[in-house]
Structure formats: structure tokens, C-alpha cells
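S.K.: Just the structure for this:
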Amino acid sequence: RIYMLPPQQDKIKPEEFKELAATAEDMAVSKLILNTISGFSPMLCKAICSNAGVPHSKKYNELTQCEIAALNDAIKNCCRDIYEKKFSPAILEGGKDFHCTETVLKATEITAATGVKKYNTVNLMLDDFYTKKDNDDRLRQKQNSVKKHVKAAMEKCKRKIQIHSNTAEETAEYEKYKQFGEILTANMYKCGEYEEKVIAINYYEESMPEVTIELDKNKTVSQNAQNFFQKYRKNKTANESAEKYLEECISEMEYLESVEIMLENNTDLSEIEEIKEELTEQGYIKQEKTNKKNKNGKNSKNGAVSAPHEYLTQDGYTILIGKNNLQNEKLTCKIAKPDDVWFHLKNAPGSHVILKTAEHGGQITKHSVECAAALAAWYSSARNTSKADVDYTRVKHVKKQPGGRPGMVIYVNYKTITINPSETPEG
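M.R.: Model (predicted):
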């Protein structure tokens with residue numbers, strides 16, 4: 001089969017440009033430029049419009065003569081820079097794009113929101129851009145790999161919660177069967193050997209109303225009473241078991257939700273690896289054969305738990321932030337002192353944040369509390385909200401949950417502050 005070249009686009013080279021011609025008068029200006037000059041990108045076309053002071057979506061037939069002249073000048077300046085190889089390599093600070101023309105860098109509507117990082121050579125810019133892109137891709141791949149295990153565990157946990165909730169609901173009235181058995185026993189002298197139903201006074205209720213108890217007519221009243229006692233024992237055992245496992249499953253779901261938030265908020269490969277090791281220790285990920293455990297049962301690949309993130313406020317307070325549940329536990333239960341202040345997003349997953357007070361005689365300031373609370377909200381599931389409630393209390397009022405998973409604690413004597421989540425609370 002013979003390969004056919006794509007059709008010609010009837011575009012001119014940048015060095016051949018003289019003036020913009022109206023090939024379609026009702027076409028947006030930026031699209032008209034894109035369809036006219038070869039090699040121009042949509043971003044460059046919008047930047048030219050911005051530098052000429054013309055809205056890029058404006059139709060050509062709506063332009064004034066002054067606007068047409070300004071556009072032609074802007075295009076010629078851009079084409080001249082390209083022809084003379086006057087490049088200004090830069091990465092747009094969002095990190096998702098780059099450009100080499102001054103035209104784009106001068107376009108405030110494109111660069112104002114993201115800013116730019118300039119380079120001396122195109123090679124340096126490309127090296128930085130694709131190194132970051134490669135790191136981001138590896139991070140995303142690692143995150144998705146670990147997140148897949150977390151999602152699977154959460155789905156399994158949801159199913160268990162539903163099963164135990166249904167069982168608890170279905171067996172909630174187990175006391176009723178005990179009452180029926182005792183009412184039947186108390187009224188047995190009034191009944192025949194076999195009855196379809198018994199009407200008696202329910203002395204368990206204050207008003208002592210009459211109650212009708214339906215019976216199995218193939219069994220004696222005494223056997224029916226024993227049946228009710230048996231149902232009572234069976235349903236009570238099932239209810240207590242369901243309530244116990246339901247509580248465990250809810251606790252497990254809270255733990256998995258906290259891991260999910262840590263994964264989403266982390267941008268460091270080593271910390272993602274640490275979360276993976278944590279999940280391996282908890283049995284959610286199978287132990288890799290090459291990663292032998294040490295005598296304490298911990299994964300020996302990385303050794304000790306990494307240090308938490310540190311932030312220093314303008315009034316001299318140190319704030320420590322856990323980036324995963326192993327860090328959270330170490331930070332709250334081992335590093336923090338009793339008079340330090342502990343912060344956590346209210347009733348939702350997030351990092352443990354510690355405001356160090358030893359150097360300040362245990363005293364805290366309003367500013368330091370607001371900074372710590374803003375950081376606790378940022379490193380949590382409330383990152384993308386405008387307001388968040390954060391609980392805080394002295395570390396001496398925070399205890400590890402008995403038998404709980406890493407980072408799971410209970411706390412008392414706390415206050416709540418409403419704050420804007422921020423990675424740079426003073427910035």
C-alpha cells in the first residue's frame with residue numbers, strides 16, 4: 001500500500017508574512033492567525049492577540065482598522081524574532097507548558113496567573129521541563145499503583161460495613177424475643193397446651209398494654225417460649241458481633257481514607273514508597289520477596305521513618321507536619337512533648353500537625369495557632385475548600401487508639417478553629 005502525504009494546509013511560512021487577510025470574516029482572530037501561518041500554536045496566536053490588545057475570540061469583521069494594524073505589527077514582530085532566531089526560552093510556572101518566544105512571555109493574560117521561569121538556552125529549559133515531567137509521571141504512576149490497592153481495600157471494607165449494618169439492624173430488637181418468652185412463661189397457667197396466639201399484659205411497658213404473641217400452633221406454649229429464648233440468644237450474639245465488627249470496619253475505613261488523602265497530597269517519591277511500606281506492614285499489599293523484614297517485622301528497605309515536614313513561623317514557632325500515618329504516629333506519640341499543641345482536621349482524614357512550645361515556655365500565640373491550623377487544613381482532605389474546621393489540644397490529651405492502626409488517635413479537651421487551608425499561611 002502506497003503512503004499518501006497529508007493534504008497541503010495552504011499556510012505561509014513566518015518569514016513570508018506581510019499582512020493578515022480575511023479568508024473567513026466571521027472567524028475568530030486567533031483561529032484566523034492559526035490557519036494562516038505555518039508552525040504557530042494556539043497559545044502563540046492568543047498571545048499575539050493579547051499583545052495587540054485584541055480579544056482573541058473577536059471576529060475579524062468586527063475589528064477596527066487600528067486593531068488590524070496592531071495585529072499585523074504584533075505578528076510581524078513575532079515572525080521577525082523567529083526568523084532571526086531571537087528565542088527567549090521559558091517554562092510557564094504551572095510547569096505544564098513552555099515556550100521560546102518573547103511574544104508569549106509578554107502576554108500577561110497567559111503568564112500572569114502562572115508566571116514564568118526563564119533560561120539562558122533552549123536545551124537547559126527542555127532538560128528541566130522533561131526532567132520534571134518524567135518525575136511527575138513516575139510519581140503519578142507510583143501513586144496510582146498504591147492507590148489501586150487502597151481503592152480495592154476500601155471497596156471491600158464498604159461491603160463489610162453494609163453487611164454488618166444490615167445484620168445489626170435486623171437483630172436490633174433481640175430483647176423483644178426475651179420479653180415474649182418471659183410473658184409466655186408467666187401466663188402459661190392460663191393457656192392450653194397448644195395455642196395459635198396468646199393475648200397477655202406486657203408488664204415491660206409502663207402503661208402495661210395488652211400484647212398479642214403469635215405462636216407456632218404445631219408446638220406447645222412451653223416450646224414456643226423456649227423458641228423465643230433461643231431466638232433472643234441467637235439475635236443478641238449476632239447483634240453484638242455485628243456491632244463489634246461494624247466499629248472495626250468503620251475504623252479501618254477512616255484509616256484507609258487517611259492513607260488516600262496522604263497519597264493525593266504527597267509529591268515526593270520516597271514518601272509514596274513509605275506509604276507503600278506502611279500498607280505492606282498492614283497487610284494490604286503483598287510483601288515483595290526482595291524486601292526482607294528485619295527482626296522487628298518492619299520492612300528493611302528504607303529503615304527508619306523519615307522526618308516530618310517543618311515550618312517556622314515569623315514569630316519563631318516551629319510547626320511539624322506528618323506526611324503519612326507512620327510519620328503521624330511517630331510525631332504525636334514519640335517526638336511531641338506533653339505541652340506541645342496537636343492539630344487535626346475535624347472529623348475527617350488529614351495530617352497530624354504539632355506546634356512546638358518548649359522554647360516558649362509552653363505559651364502559644366494567636367498567630368502561631370492560626371498558622372498551624374491552616375497547615376493542618378492544607379495537608380488534609382479539606383485542601384481545596386475555602387474554610388475548614390480544625391481541632392487542637394495539648395499533646396497530653398491525645399492518646400493512640402487501643403489496637404488502632406498507625407496514626408489513629410483519640411483526643412479530649414480540645415478547641416476548634418475555622419481557618420482557610422494554606423501551604424504558606426504567612427505568605
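S.K.: shaky segments in the stretch 251-400 of the chain?
M.R.: 289-305 (pLDDT under 70).
S.K.: go on, the stretch 101-250 of the chain?
M.R.: In the stretch 101-250 of the chain (pLDDT under 70), the answer is 108-114.
S.K.: residue boundaries of the strands in the stretch 301-427 of the chain?
M.R.: Here the stretch 301-427 of the chain has its strands, by DSSP state E, counting those that start in this stretch, at 309-312, 318-321, 341-345, 353-355, 388-394, 398-400, 409-411, 415-419.
S.K.: so which helix or strand takes in Ile275?
M.R.: helix 269-281 (DSSP states H and E).
S.K.: Tell me which residues of that helix come out buried.
M.R.: Glu271, Ile272, Glu273, Glu274, Ile275, Lys276, Glu277, Glu278, Leu279, Thr280, Glu281 (16 or more other C-beta atoms under 10 Å). For glycine as for every other residue, the C-beta is placed from the backbone atoms N, C-alpha and C.
S.K.: swap in stretch 309-316?
M.R.: Applying 16+ other C-beta under 10 Å to stretch 309-316 flags His309, Tyr311, Thr313 as buried.
S.K.: Check which helices and strands the biggest helix by length in the chain sits against.
M.R.: Secondary structure of the chain per DSSP state H: the longest helix is helix 122-170. If you count contacts as 3 or more C-beta pairs under 8 Å, 6 or more residues apart in numbering; DSSP states H and E, helix 122-170 packs onto strand 90-92, strand 98-99, helix 221-265, helix 269-281.
S.K.: do that again at 6 Å, thanks
M.R.: With contacts defined as 3 or more C-beta pairs under 6 Å, 6 or more residues apart in numbering; DSSP states H and E, helix 122-170 has these neighbours: helix 221-265, helix 269-281.
S.K.: Can you tell me which of those helices is most buried?
M.R.: helix 269-281 (a mean of 20; mean count of other C-beta atoms under 10 Å).
S.K.: pull the CA atoms of it into CSV?
M.R.: Once non-C-alpha atoms are left out, helix 269-281 reads as follows in CSV (Å, rounded to 0.1, in the frame of the first residue of the first chain):
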residue,chain,number,x,y,z
LEU,A,269,8.6,9.5,45.6
SER,A,270,10.3,8.5,48.8
GLU,A,271,7.2,9.4,50.9
ILE,A,272,4.9,7.5,48.5
GLU,A,273,7.3,4.5,49.0
GLU,A,274,6.9,4.9,52.7
ILE,A,275,3.1,4.8,52.4
LYS,A,276,3.5,1.6,50.3
GLU,A,277,5.7,0.1,53.1
GLU,A,278,3.1,1.1,55.7
LEU,A,279,0.3,-0.7,53.7
THR,A,280,2.6,-3.7,53.3
GLU,A,281,3.0,-3.9,57.0
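S.K.: So which residues make contact with it?
M.R.: Contacts to helix 269-281, defined as C-beta atoms under 6 Å, 6 or more residues apart in numbering, come from residues 139, 142-143, 146, 262, 266, 285, 287, 299, 323-326.
S.K.: so which of those residues comes closest to Pro14?
M.R.: Leu139 (37.5 Å; C-beta to C-beta).
S.K.: helices or strands up against the helix or strand encompassing Leu105?
M.R.: Leu105 belongs to helix 102-106 when assigned by DSSP H and E. Other helices and strands packing on helix 102-106, by 3+ C-beta pairs under 6 Å, 6+ apart, are helix 42-52.
S.K.: mind listing what's buried in the helix it packs on?
M.R.: Met43, Leu44, Cys45, Lys46, Ala47, Ile48, Cys49, Ser50, Asn51, Ala52.
S.K.: same thing with stretch 169-183?
M.R.: Thr171, Tyr174, Tyr177, Lys178, Gln179, Phe180, Gly181, Glu182, Ile183.
S.K.: Repeat that for stretch 375-382.
M.R.: Leu375, Ala376, Ala377, Trp378, Tyr379, Ser380, Ser381, Ala382.
S.K.: ok, residues contacting that stretch?
M.R.: 261, 265, 321, 343, 345, 348-351, 353, 388, 390, 419, 421-423.
S.K.: In PyMOL, how would I select the buried members of the residues you listed?
M.R.: In PyMOL syntax, the buried subset of the contacts of stretch 375-382 is picked out as below (16+ other C-beta under 10 Å):
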select buried, resi 261+265+321+343+345+348+349+350+351+353+388+390+419+421+422
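S.K.: Alright, that wraps it up for me.
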